[in-house]
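[1] quick one, structure for this:
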Amino acid sequence: MDFNSDEWHADETVVKISGEKYYIWFIVDSETRFILGYHLSRSRSSTEAFTSINAVKDMGTVGSIVTDCYSAYRQPIKTIFNNKVNHIRVKSFSDDITNNLIESFHGQFKAWYKTKRGFSSFESANNLISMFVFFFNFVRDHSGLNNFTPAQVAGLNLTKSQKKKFLLVA
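    Residues are numbered from 1 along each chain as shown. Below is the predicted model of the structure:
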């Protein structure tokens with residue numbers, strides 16, 4: 001897959017596993033709304049931001065990565081992309097560039113997650129999140145994408161076996 005894009009958006013949100021707080025890090029392509037990757041972690045640190053960004057670095061060429069002001073993203077973006085990617089840190093809703101795209105996605109994810117009332121184990125959380133991401137990318141039509149899926153907008157015409165491999169990647 002080759003997502004040559006002006007912008008990717010990265011952000012993390014909290015989920016509960018067996019009543020304990022975990023973080024899920026998402027990276028979304030701004031043009032296609034395709035979820036490029038996610039990473040589930042126990043902590044919220046620069047190491048975890050590095051893991052999430054490193055996992056998607058070969059998915060295409062990106063001009064900018066938009067994040068909130070959380071400092072954990074600064075060094076991983078700088079290191080992984082050798083200072084060749086513009087890191088846009090959104091400070092407020094009044095900025096010209098916002099992180100509303102991923103915040104809106106978090107809203108959709110949280111609505112789905114709320115029905116689960118948390119996850120029972122790390123493994124089941126990863127499996128269920130993987131299915132959500134697969135559904136979001138390949139099955140669900142998006143009104144903001146003229147009723148196409150992110151995969152269709154990205155021009156991904158994958159066979160069933162290729163889609164199955166994508167489902168197993170997390």
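[2] which elements pack onto the longest helix along the chain?
    In the chain, taking DSSP state H as the definition, the longest helix is helix 100-114. Here helix 100-114 touches strand 5-17, strand 20-29, going by 3 or more CB pairs under 8 Å, 6 or more residues apart in numbering; DSSP states H and E. No exception for glycine: its C-beta is placed from N, CA and C like everyone else's.
[3] go again with 10 Å.
    strand 5-17, strand 20-29, strand 35-41, strand 62-67, helix 122-134 (3 or more CB pairs under 10 Å, 6 or more residues apart in numbering; DSSP states H and E).
[4] what's in contact with the helix or strand following the third one?
    Right, strand 35-41. As assigned by DSSP states H and E, the chain's next helix or strand after strand 35-41 is helix 46-56. By CB atoms under 10 Å, 6 or more residues apart in numbering, the surrounding residues in contact with helix 46-56 are 1, 3, 8, 10-12, 23-29, 35-42, 45, 62, 65, 67, 70-77, 79-81, 85, 169-170.
[5] try stretch 80-100
    Contacts for stretch 80-100 (CB under 10 Å, 6+ apart): 6-11, 28, 30, 49-50, 53-54, 56-57, 61-71, 73-78, 103, 106.
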